[in-house]
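[1] Build me a structure from this.
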Amino acid sequence: MKKYMRARERRKRLYSIILIPRVLKIRRYLKKYIRKEEGNVSVIVLTEHIGDIIACEPVSYWLKRTYQHKVVWLINEKYHELLLMFRNVDEIIDLSCLSEWVYLDKFTHLPHVYNLHFDGRQCSRFYLSNQSSQKHIGFENYYNYGCLLESFCMVGKLPRLNIRPQLFLVQHTLSFNYLLPDKYIVVHPQANDISRNWDIGKWNQLISSFPDFTFIEIGLSPVLSGKNCITSLCGKLTFQDIALVVKNCFLFIGIDSGMAHFANALGTPSLILLGKYGNFDKYMPYSGIFDIEDFRVIQYPDFVYDLPVSIVKEEADRFISALNAR
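    Have a look, this model is predicted:
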């Protein structure tokens, strides 16, 4: 164990040497930008993941409306394209990992910074941990404070917002050769965390009960494709492609995931399947939905895997009938 810890410390020092030049470059750029805007800049720091980033889009809206500042967002470079759909973000600064922010925060005083990471959140690459003064909010209890947006606002010492996020399409055709059907249902059956997933057999039962619809599966890897007339676009879509596919569908059905946050932010009619998750018997990730009829959530009292297909089919039937009646 001691040998492992020594090796880890040496690795930290080595990575620190690698990180410093890049952090200094980011620091120079950021300070130059702030000087150019005469200090009227609000900086949001949230590097990942898809659902968290989309859920926190209203922070950029609130900062711009409240302070009339330019809004800068520090983000992991692999999510850069996602922020292009945030209308209120003026400048995107790419980080390769959370450790770059940890160094920047340690050695640079920046005014109007809103760090939305939980205290102790560790960089998966270089093992450095984020520091936050809001030490009472963490992974074990964050849903006790409300939806994702409310929890992150508390971490960033902002008012507790409960506003629906908004994404704005910046492209109107897919980035590859595929013509979307006139009327289709999008399904997203798998999340990164298996405790959020519904049984695949039940997905197939649900889909087979609606033979008149075309279903498109999205996500990283297909699990439903080739069955019940399902088209898979898994692994083919950019973030802007995802937005286009979800925005134009008749209905989105999915588990709790980044794709569900896309649906909420695009105003897409949606049916979301939730159950127990981690320490939370009941939780609500999505903001701004309480007066919106077209965003429906089934909150099952046990793990979502055990949710009976009959409950989902009944709700989907009602939803589809209501949409068709318009």
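[2] going forward, measure contacts between C-alpha atoms and count neighbours the same way
    Will do.
[3] Tell me the helix or strand right after the helix or strand where residue 32 lies.
    Counting by DSSP states H and E, the element that carries residue 32 is helix 2-36. Per DSSP H and E, helix 2-36 leads on to strand 41-45 as the next helix or strand towards the C-terminus.
[4] which other helices and strands contact that next one?
    With contacts defined as 3 or more Cα pairs under 8 Å, 6 or more residues apart in numbering; DSSP states H and E, strand 41-45 has these neighbours: strand 70-76, strand 113-115.
[5] Make a markdown table out of the ones you listed and add mean pLDDT and mean neighbour count.
    Converted to a markdown table, the helices and strands packed on strand 41-45 look like this (pLDDT from 0 to 100; neighbours: other Cα atoms under 10 Å):
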| stretch | mean pLDDT | mean neighbour count |
| --- | --- | --- |
| strand 70-76 | 98 | 22 |
| strand 113-115 | 97 | 20 |
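[6] I'd like those as a markdown table, with distance to residue 124 appended.
    Converted to a markdown table, those look like this (distance: least, Cα to Cα, whole Å):
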| stretch | distance to residue 124 |
| --- | --- |
| strand 70-76 | 12 |
| strand 113-115 | 18 |
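[7] And the ones you listed: which comes nearest residue 101?
    Residue 101 lies closest to strand 70-76 among the helices and strands packed on strand 41-45, at 8.2 Å (Cα to Cα).
[8] ok, the closest one: who's next to it in the sheet?
    With DSSP bridges as the test, strand 70-76 is paired with strand 41-45 (parallel), strand 91-95 (parallel).
[9] what does the first one contact?
    Counting by Cα atoms under 8 Å, 6 or more residues apart in numbering, strand 41-45 makes contact with 34, 60, 63, 69-75, 111-117, all of which sit outside it.
[10] State the mean pLDDT of that strand.
    For strand 41-45, the mean pLDDT works out to 98.
[11] What residues of it count as buried?
    Across strand 41-45, burial judged by 16 or more other Cα atoms under 10 Å covers 41, 42, 43, 44, 45.
[12] Beta-bridge partners for the second one, please?
    Residue 42 has these beta-bridge partners by DSSP bridges: residue 71.
[13] State the distance from it to residue 273.
    As judged by Cα to Cα, to the nearest Å, residue 42 and residue 273 stand 36 Å apart.
[14] Check the separation of the first and last residues in stretch 51-65.
    End residues of stretch 51-65 are separated by 23 Å (Cα to Cα).
[15] same check, this time on stretch 168-183
    With Cα to Cα as the measure, the ends of stretch 168-183 fall 21 Å from one another.
[16] Over to stretch 48-64?
    21 Å.
[17] for stretch 73-80, same thing?
    One end of stretch 73-80 to the other measures 10 Å (Cα to Cα).
[18] Next: stretch 260-276.
    From its first residue to its last, stretch 260-276 covers 17 Å (Cα to Cα).
[19] what sits against the residue nearest to residue 22 when sequence neighbours are not counted?
    In space, residue 22 comes closest to residue 100 once its chain neighbours are excluded; the distance is 7.8 Å by Cα to Cα, 6 or more residues apart in numbering. Contact partners of residue 100, counting by Cα under 8 Å, 6+ apart, are 19, 22, 23.
[20] which among the residues you listed end up buried?
    Buried members of the contacts of residue 100, counted by 16+ other Cα under 10 Å: 19, 23.
[21] Now pLDDT and distance to residue 294 too, for the contacts of residue 100, in JSON lines please.
    What follows is these, written out as JSON lines (pLDDT from 0 to 100; distance: Cα to Cα, whole Å):
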{"residue": "19", "pLDDT": "85", "distance to residue 294": "46"}
{"residue": "22", "pLDDT": "90", "distance to residue 294": "45"}
{"residue": "23", "pLDDT": "92", "distance to residue 294": "44"}
